[in-house]
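[1] predicted model, plus sequence, below.
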Amino acid sequence: MWGRCGCWREASDDTVVGMTTTPTSTGLTDVHDMVVVHRAFRREFAVIPRFVRAVRAGDTTRAGVVGAHARLCLQGLHLHHTGEDELLWPKLLERATPSSELIYRMEAQHHEVEQLVDRLGPALTRWMSEARPAVGEEVASTFYQLRTTLVEHLDDEEAHILPIAARVMTPDEWRALGEHGADEMTPAQLPLMFGMIVEEATPAERQEMLAGLPTPARVLLKTYGAWKYRRYVRTVRRAA
């Protein structure tokens with residue numbers, strides 16, 4: 001769900017892998033797709049508070065649209081983080097023991113994010129059903145706090161975790177991490193998640209994200225999926 005098929009590329013040992021799309025030749029696993037995924041989280045978690053605050057008091061229809069989008073983004077973040085918890089941290093701890101302190105810090109950051117998400121759940125439900133400004137402000141401010149915590153985590157991950165993962169994980173293992181959670185998304189949700197991920201991707205990044213998919217899925221995402229996402233995002237961002 002979150003990434004494409006892994007592949008080998010070259011890079012020096014001190015390269016911050018994921019900051020370039022240029023292939024290299026030292027046999028490291030290409031982990032740049034995670035940077036593309038992170039870009040979507042940075043963007044959506046920045047704009048959601050603004051969308052929430054723009055909803056008029058009592059406009060439960062609009063609150064339902066914005067709230068459903070917020071929940072989709074939170075679900076995507078949950079699947080992304082559980083994939084790391086189950087498939088990434090254990091391998092890094094096993095194969096790169098000097099990084100144990102770093103991995104524990106990553107896990108602690110995940111826990112802090114989870115606590116904020118847990119706080120959001122009840123408030124988001126109340127706001128979607130009532131569209132009360134006071135509850136909306138609670139949702140917006142908690143989302144803002146969540147994004148602040150999340151960006152710190154993503155910065156750490158890109159600067160310190162991805163270079164290690166590129167060295168110690170195989171392309172098949174990285175592919176499994178990218179595919180984690182796909183079964184928990186509905187067919188209707190998958191093109192929306194993919195659209196969010198590739199919205200700001202460069203042409204090369206977009207092509208790489210599509211490259212590992214079966215031909216039918218690739219064609220569907222480039223046609224119907226792209227149309228569906230454009231329609232969806234116009235609705236979510238209307239008058240926000």
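    Great, that's in hand.
[2] how close does A70 sit to P90?
    30 Å (Cβ to Cβ, to the nearest Å). Quick note: C-beta positions are derived from backbone N, CA and C, even for glycine.
[3] in this protein, which residue sits furthest out from the middle?
    Ranked by distance from the centre of the chain (Cα atoms, centre = their mean), the top residue is G58, with 30.8 Å.
[4] next, count neighbours for the residue nearest to that one when sequence neighbours are not counted.
    Distances taken as Cβ to Cβ, 6 or more residues apart in numbering put A131 closest to G58, at 5.2 Å, once the chain neighbours are dropped. A131 has 22 neighbours, counted by other Cβ atoms under 10 Å.
[5] contact partners for A131?
    Taking Cβ atoms under 8 Å, 6 or more residues apart in numbering, we find A131 in contact with 55-60, 62-63.
[6] got the phi and psi for it?
    The phi/psi pair for A131 (degrees, to the nearest 10) reads phi 50, psi 40.
[7] that one and L190, how far apart?
    29 Å.
[8] what does Y232 give?
    The gap separating Y232 from L190 is 12 Å, by Cβ to Cβ.
[9] does G178 belong to a helix or a strand, and which?
    In the assignment (DSSP states H and E), G178 maps to helix 171-179.
[10] could you give the average pLDDT over that helix?
    Across helix 171-179, the average pLDDT comes to 91.
[11] give me phi/psi at the nearest residue to L116 once chain neighbours are set aside?
    Distance criterion Cβ to Cβ, 6+ apart; nearest residue to L116, sequence neighbours excluded, is L146 at 4.4 Å. Backbone torsions for L146, taken as degrees, to the nearest 10, come to phi -60, psi -40.
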